[in-house]
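Asker: Requesting a structural model of the entry that follows:
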Amino acid sequence: MLRKICPVCGRETDILIEGVCPDCYRLTHRIIEAPNEVNVLMCYGCGAYFINGRWSKGIKGLERLISSKIRVKGIVDEMNIRVFRDEAKIKVKGKASELIPSSYDEEYTVKLTFKKDLCPSCRAELMEKEEAIIQLRLIGGDVGEFKVKVMDIVRMTLAKGEDRGRVIKVEDVNGGFDIKVTNQRLARSIALNVHRELPSFMQETSKVVGYRGDKRIEKRSISIHLIGLSKGDVVNISGVNYLVKSLHRDHVDLIKLSDGSLVSVKYGKLMQAKLSQVKDYSVSCSDGKVVISVNGLHYTLNNVNLICPQ
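Answerer: Just a heads-up that it's a prediction; the model follows:
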């Protein structure tokens, strides 16, 4: 085979790419084209970055931003982007032309220039702009215990970062607590997660609080009644005593102590009933029978194994 001479370096070569050898071609042609500098808008409140029209947290968002600025010129086999404070390192494996026999590595450095501002969530938090409120009230049980469970769900929802917004304040009120939120979508995500995880009844309402031009401004209220009852509790509903048999997602099964009949009550109905938890009662078990004593009244139930051991 007739070998060729590279006019730039003078070496013999089997391949000429645009008139020069592969090594000389690599000197003037890179695998990708990356900017020397990228400007990034960063929230100084929460550290989120404004990426492709929306605010997002984490280094992955910055990596996506830098990736969107890269123009592929040759053939890329692998590419890795790592962010270190005020610069990003890009490592690429590939080749500038398909005529080059084998792949090789290239490195690029991109300077990151940060401009700081407040994202809408932090700005709203700073102004205490409340767009939604989640009102949590407890039917039976201990408020403090359920508050811990609810706040764990709130933290997990915020950690996912799927909905922009922030919790402004958690405020204790009689019979429960309120969670004030800067974003209606986030409030609904929190409420739905609480409703899915804990026995509860949920209602949602909106109220017009003003106008911005032709746009109506609404404040959303989400009411969640948490069912703080447990299997084996004794409750009084409208003057009648019941034993809690089992709890489900949307209803509770009760045993009427006066006649042993089974009653299923939707949480929405339970919320409207005059319910109180009986604290002072005793239970005794004998020969498969359960005797429950409440305020001097004795109720005998058969085949009830949720209290007495087998």
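
Asker: Tell me how far residue 39 lies from residue 85.
Answerer: In this view, residue 39 and residue 85 are 16 Å apart by CB to CB, to the nearest Å. The way it works is simple: take the backbone N, C-alpha and C, and place the C-beta from them, glycine included.

Asker: Can you tell me the element residue 299 falls in?
Answerer: Under the criterion of DSSP states H and E, residue 299 resides in strand 297-302.

Asker: Comparing residue 39 and residue 85, which residue is more hemmed in?
Answerer: residue 39 (11 against 7; other CB atoms under 10 Å).

Asker: Contacts only, for the more buried one.
Answerer: 113, 115 (CB atoms under 8 Å, 6 or more residues apart in numbering).

Asker: from here on, count from 8
Answerer: Fine by me, first position is 8 from now on; the one you just mentioned is residue 46.

Asker: Sticking with it, tell me its helix or strand.
Answerer: Going by DSSP H and E, residue 46 is in strand 44-50.

Asker: Tell me which residues are up against the helix or strand just after that strand.
Answerer: Elements were assigned by DSSP H and E; along the chain past strand 44-50, the next helix or strand is strand 56-58. Here strand 56-58 makes contact (CB under 8 Å, 6+ apart) with 47-50, 62-64, 68-69, 71-72, 126.

Asker: Need the buried ones from those selected in ChimeraX.
Answerer: Remark: buried members of these, expressed as a ChimeraX selection using 16 or more other CB atoms under 10 Å:
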select :47,49,50,62,63,64,68,69,72,126
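
Asker: Can I get the contacts of strand 56-58 in JSON lines including distance to residue 287 and pLDDT?
Answerer: JSON lines is the format used below for the contacts of strand 56-58 (distance: CB to CB, whole Å; pLDDT from 0 to 100):
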{"residue": "47", "distance to residue 287": "64", "pLDDT": "91"}
{"residue": "48", "distance to residue 287": "62", "pLDDT": "91"}
{"residue": "49", "distance to residue 287": "59", "pLDDT": "90"}
{"residue": "50", "distance to residue 287": "55", "pLDDT": "88"}
{"residue": "62", "distance to residue 287": "54", "pLDDT": "85"}
{"residue": "63", "distance to residue 287": "55", "pLDDT": "83"}
{"residue": "64", "distance to residue 287": "51", "pLDDT": "82"}
{"residue": "68", "distance to residue 287": "57", "pLDDT": "84"}
{"residue": "69", "distance to residue 287": "61", "pLDDT": "87"}
{"residue": "71", "distance to residue 287": "61", "pLDDT": "87"}
{"residue": "72", "distance to residue 287": "64", "pLDDT": "89"}
{"residue": "126", "distance to residue 287": "53", "pLDDT": "84"}
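
Asker: Specify which member of the contacts of strand 56-58 is nearest to residue 150.
Answerer: Within the contacts of strand 56-58, distances to residue 150 taken as CB to CB reach their minimum at residue 64, with 31.8 Å.

Asker: Could you check how many residues crowd around residue 143?
Answerer: Using other CB under 10 Å, residue 143 has 24 neighbouring residues.

Asker: same question, residue 118
Answerer: The tally of other residues near residue 118 (other CB under 10 Å) stands at 12.

Asker: Run through the residues that contact it.
Answerer: 43-45, 93-94.

Asker: Most neighbours among those residues, please name it.
Answerer: residue 45 (18 neighbours).

Asker: partners of that one in the sheet?
Answerer: As for beta bridges, residue 45 partners with residue 119 under DSSP bridges.

Asker: Confirm for me that it is in contact with residue 122.
Answerer: No - in this structure residue 45 lies outside contact range of residue 122 using CB atoms under 8 Å: 11.2 Å.
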